[in-house]
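> here is the input, now give the coordinates:
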Amino acid sequence: MARLTLRRAGKGLPWQPESRQLFILPTRGGVILGTALLFMLLGSLNYNNNLAIALTFFLGALFVISAVLANQHLKACRLLQLNSLPAHAGERLHVQLFWQTPDPHFLPAVEAANASIQLQATSLTLTLPTRHRGWLKLPPLKLTSRYPLGLFEAWTWWQYPRPLLIWPAAEPNPPPLPGNPLENRASGLQRPEGELTELHRWQAGEPLSRVAWKIVARHGQWLARSAEPETERQGPIRLRPQDTGLQETEAMIARLTAWVLEAERQGIPYSLQLDHGPGMEPGLGEAHLARCMEWLALA
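Residues are numbered from 1 along each chain as shown. As a prediction, the model looks like this:
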């Protein structure tokens, strides 16, 4: 049944199920009630009991109406937008899908293979395990409704047409960045940026946190520490596979990934060059990081 109905799965966003994409069958309770109604009808006709006939047709009307309402409840659902956070291989991918439902108190059930799902009134969150870098195709979602009495089960399928990119895993303890003087200086003690070193006379309006309270207590002079200007950052660096000193492809990619993340954290402009081809221009920021991760994930 799943293979037959999956052929008509909806695709793309926004999406609302069409009539030909909806399927409905009676549940176990619906089958039992339908069988009971059949025997009630035969018995009432056999004994010519008008009251029993009226009760049978009344329950039969509720039986049919519940099927229509279950179908309409699922047909009124709309999938609007999909957002996914970047995930490295080995981490869990979180995908948030925004939707509209006709009744927030009766949410349709959602199922997906190898995924845990958290339902909310305006969105649903899928959590999937990741094992390898590269493209990951989302499993099809099955939306199911047993509204309002649970006598019928209506369902439909939806498949996201585009795969999501999984970033490569980073090396846990990578060596320092190639050519990074911040890691290769002889002195291991470096002053952090913004350290307060020089003293000057405190003026009204300056933060009290800069006041040298020990000097005030000893000498009675109100002195304050001035912020040391930030040290000049290192110029652009180029990250290449040959700089890793590794031969195995996955190990090289893991080290390059760790270096990219470290350069981004330190605010050092970096460029990436793979397979002795033309590299990208040095840069920083989320867009540059995403482009580098895409190169590494598809390498």
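
> check what pLDDT residue 58 gets.
As predicted, residue 58 sits at a pLDDT of 96.

> do you know how far it is from residue 37?
When Cβ to Cβ, to the nearest Å is applied, the distance between residue 58 and residue 37 equals 10 Å. C-beta here means a position set from N, CA and C on the backbone, and glycine is covered the same way.

> same check on residue 242?
77 Å.

> ok, those two, which is more surrounded?
Ranked by neighbour count (other Cβ atoms under 10 Å), residue 242 and residue 37 place residue 37 first, with 17 against 10.

> now that one: phi and psi?
Listed backbone geometry of residue 37 is phi -70, psi -40, with angles given as degrees, to the nearest 10.

> doesn't residue 61 make contact with it?
No - with the criterion set as Cβ atoms under 8 Å, residue 37 and residue 61 do not qualify as a contacting pair; they are 10.4 Å apart.

> and residue 283, how far is that from residue 235?
The gap separating residue 283 from residue 235 is 13 Å, by Cβ to Cβ.

> for residue 143, same thing?
For residue 143, the distance to residue 235 under the criterion Cβ to Cβ works out to 53 Å.

> do the same with residue 212
36 Å.

> and what of residue 263?
When distances are taken as Cβ to Cβ, residue 263 and residue 235 turn out to be 12 Å apart.

> which one's more surrounded, the two?
A side-by-side neighbour count of residue 263 and residue 235, using other Cβ under 10 Å, places residue 263 first with 24 against 10.

> give me the phi and psi for that one.
The phi and psi torsions at residue 263 (degrees, to the nearest 10) take the values phi -60, psi -40.

> in contact with it, which residues?
By Cβ atoms under 8 Å, 6 or more residues apart in numbering, the residues touching residue 263 are 177, 237, 239, 269-270.

> give me the buried entries from the residues you listed.
When those are checked for burial by 16 or more other Cβ atoms under 10 Å, the buried set is 177, 237, 239, 269-270.

> quick one: the helices in the chain, in order.
Counting by DSSP state H, the chain forms helices over residues 2-6, 28-46, 50-75, 181-184, 213-219, 249-266, 286-297, given from the N-terminal end onward.

> closest to residue 13 out of those?
Taking Cβ to Cβ, helix 50-75 is the member of the helices of the chain nearest to residue 13, at 17.1 Å.

> helices or strands up against that closest one?
Contacting helix 50-75 under the criterion 3 or more Cβ pairs under 8 Å, 6 or more residues apart in numbering; DSSP states H and E are the following elements: strand 23-26, helix 28-46, strand 141-145, strand 152-159.

> mind checking how far it is from the chain centre?
For helix 50-75, the gap between its own C-alpha mean and the chain's C-alpha mean amounts to 41 Å (Cα atoms, centre = their mean, to the nearest Å).
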